[in-house]
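Peer 1: Structure here, sequence nowhere to be found:
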Ligand SMILES: NC(=O)c1ccc[n+]([C@@H]2O[C@H](COP(=O)([O-])OP(=O)(O)OC[C@H]3O[C@@H](n4cnc5c(N)ncnc54)[C@H](O)[C@@H]3O)[C@@H](O)[C@H]2O)c1
Ligand SMILES: [Zn+2]
Ligand SMILES: [Zn+2]
């Protein structure tokens, strides 16, 4: 089958690989019909996630048709079209039982500090991902969710990560009615977080990024106020002035390890890997939030250390929340939001590319070329 | 030293001000819906361990399912095995893994060449997209890199010549 393959930092290609096999009685094999490239893939692509082995297939955002099931699979059947949450989760461990499907303890042998994630290095379990024609999906009774009749596959594929992550970012921000919510990052996740902040009753939503085309998009889509942080001087001071000198009630970090905006952070976090990614956005978030406020982190950082003003977090009495999204927990609510028209995920998709052109897709998305917001890859088995 | 388990329910005042509503861990943890907070559960059946799986030493065993892809091999594999002797709490775990990833890249190129495949790095890096959508900046960047590379080579060589000639002169002077 055709699959994306990692060859080294900023080097990927499409290759022929053996078909995945059922390895566990609760496995399913899914024929992929849509697959996205995500901001999270950029951390892998840039070579910043430890234990990313050459030959790995990435891709944690995919939908497809079940073509084979293991003997213990009862919740989906061959022929079902399913949304595959990006987390691998067993559904019965201590964490899954509490709805923490992103923190399953039976899905990632290689690290305890992160759950199992499709196509996300051996540090996240060593599973091949869905940027391929077929994928092995463990615990098929738990994650895969049948796509409701009539739902567009483009909407469905964004329910595997982007929509739930934007939503959980807003949920974790503990937004109270009327709150001012500040979102760092106008990538797909930040855009969705800004949109969802309104669902939780925000009174004002502000987004900061440096890509004008993304700011323009989020300004209309969320809708919200959006500013280019390269044009406003010190972003923290700017936000203080915007908020009666107090700061935002809730701040969301939807940027993570590839953050720009501070040379020291960029050199130590992205160029030399002395820290686990550049923590510029998180640094700004802690300093721009109101005393007693909440910082919600969905931006991804590596497993070592980051430079952030933790002393300020203490002195200001902040609550800091973060997690890998619990996609499965949120799916029923979010499917409803999409079906009722409250959320329109597919508007984020700007590029549709054949899987053979995966290397171009990564470059386009990573370098923010051609006004790219969200690219999707189409395998050769679907009409495209 | 053994620590004795304390029966906290016997402590005077234990839990009198407990307020389950005040739970900053929500929505990550959803305790009301969960059965008793019990760490025991029916472990899913074990996926047969038929490849080498390096598991974190912060857990006793391999998880019930695991990614069976790309077991460690070659020099990068040796380094990864070393890394997995240490917990996730240690740099001795993560830094060797990053190093192993870089070694793996070289091994990947060698393997390509051994299979008679010269990797098309220009295509793998998606440079055609830069050429198409970002030409001026891309050409400038490539030219800068080329200039710096050529400059460095010339500089290092001139240094070599100087050293050589100095040495010769010194030798003669003796
Ligand atoms: N927690 C989760 O479950 C989860 C799920 C999906 C994605 N993520 C993470 O969310 C983050 C965003 O994902 P995405 O797909 O939107 O990525 P993306 O790369 O498309 O977007 C990131 C945006 O941040 C902007 N940016 C860079 N530095 C900034 C700064 N200092 N301040 C403000 N904006 C800045 C970039 O210009 C870019 O537009 C990534 O770190 C990704 O790994 C987390
Ligand atoms: Zn993603
Ligand atoms: Zn679990």
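Peer 2: Received, thanks. This structure is a prediction, so every number in the text was calculated from the model and none was measured. Ligands and ions are numbered 1, 2, ... in the order given.
Peer 1: Just after whatever helix or strand residue A:241 lives in, pick out the following helix or strand.
Peer 2: Assessed by DSSP states H and E, residue A:241 sits inside helix A:235-242. Toward the C-terminus, helix A:235-242 is succeeded by strand A:248-253 as the next helix or strand (DSSP H and E).
Peer 1: Show me what that following strand pairs with in its sheet, parallel or antiparallel.
Peer 2: Applying DSSP bridges to the sheet, strand A:248-253 is found paired with strand A:180-184 (parallel), strand A:289-297 (parallel).
Peer 1: quick one: average confidence on it?
Peer 2: The average pLDDT within strand A:248-253 is 98.
Peer 1: what about it, distance to the chain center?
Peer 2: Remark: strand A:248-253 is offset 18 Å from the chain centroid, using CA atoms, centre = their mean, to the nearest Å.
Peer 1: quick revisit: right, so the strands paired with strand A:248-253: which one is the most enclosed?
Peer 2: strand A:180-184 (a mean of 30; mean count of other CB atoms under 10 Å in any protein chain shown). All C-beta spots, glycine's among them, are computed from the backbone N, C-alpha and C.
Peer 1: Help me see whether that one makes contact with ligand 1, please.
Peer 2: Yes: with CB under 6 Å from any ligand atom as the criterion, ligand 1 is reached by strand A:180-184 at residue A:184.
Peer 1: which residues does the closest residue to residue A:293 other than its chain neighbours contact?
Peer 2: Nearest residue to residue A:293, sequence neighbours excluded (CB to CB, 6 or more residues apart in numbering or on different chains): residue A:249, at 5.3 Å. By CB atoms under 8 Å, 6 or more residues apart in numbering or on different chains, the contact list for residue A:249 reads A:175-176, A:179-181, A:289-290, A:293-294.
Peer 1: and what of residue A:238?
Peer 2: So residue A:238 contacts A:227, A:232 (CB under 8 Å, 6+ apart).
Peer 1: Please tell me how far it sits from residue A:232.
Peer 2: Computed as CB to CB, to the nearest Å, the residue A:238 to residue A:232 distance reads 4 Å.
Peer 1: now residue A:369, nearest residue through space, not along the chain?
Peer 2: Sequence neighbours aside, residue B:133 is the residue nearest to residue A:369 in space, at 4.0 Å (criterion: CB to CB, 6+ apart).
Peer 1: Do a quick rundown of the helices in chain B.
Peer 2: In chain B, the segments counted as helices under DSSP state H are B:74-83, B:91-114, B:121-124, B:127-133, B:135-173.
Peer 1: among those, which is nearest residue A:12?
Peer 2: helix B:121-124 (6.2 Å; CB to CB).
Peer 1: for that closest one, packing partners?
Peer 2: strand A:11-16 (3 or more CB pairs under 8 Å, 6 or more residues apart in numbering or on different chains; DSSP states H and E).
Peer 1: The strand it packs on pairs with which strands, and in what direction?
Peer 2: When sheet partners are counted by DSSP bridges, strand A:11-16 sits next to strand A:2-8 (antiparallel).
Peer 1: Counting neighbours, which bits of the partner strand end up buried?
Peer 2: Neighbour counts over strand A:2-8 (16 or more other CB atoms under 10 Å in any protein chain shown) mark A:2-8 as buried.
Peer 1: Enumerate the residues of chain A near ligand 2.
Peer 2: Contact residues (CB under 5 Å from the ion) of chain A with ligand 2: A:38, A:40, A:61, A:161.
Peer 1: tell me the two of these that are most distant?
Peer 2: Spatial extent of those (CB to CB) is set by the pair A:40 and A:61 at 8.8 Å.
Peer 1: out of the two, which sits in the more crowded spot?
Peer 2: Just comparing residue A:40 and residue A:61: by other CB atoms under 10 Å in any protein chain shown the higher neighbour count belongs to residue A:61, 32 against 27.
Peer 1: Assess the claim that the more buried one and residue A:86 are in contact.
Peer 2: Yes: Residue A:61 lies in contact with residue A:86 (CB atoms under 8 Å); the separation is 6.1 Å.
Peer 1: Give me the common contacts of the two.
Peer 2: Common neighbours of residue A:61 and residue A:86 (CB under 8 Å, 6+ apart) are A:160-161.
Peer 1: Please tell me how far residue A:282 sits from residue A:134.
Peer 2: Distance from residue A:282 to residue A:134, by CB to CB: 37 Å.
Peer 1: Hmm, I typed the wrong one, I wanted residue A:87.
Peer 2: Using CB to CB, residue A:87 is found at 20 Å from residue A:134.
Peer 1: next one: residue B:109
Peer 2: Computed with CB to CB, the distance linking residue B:109 and residue A:134 is 27 Å.
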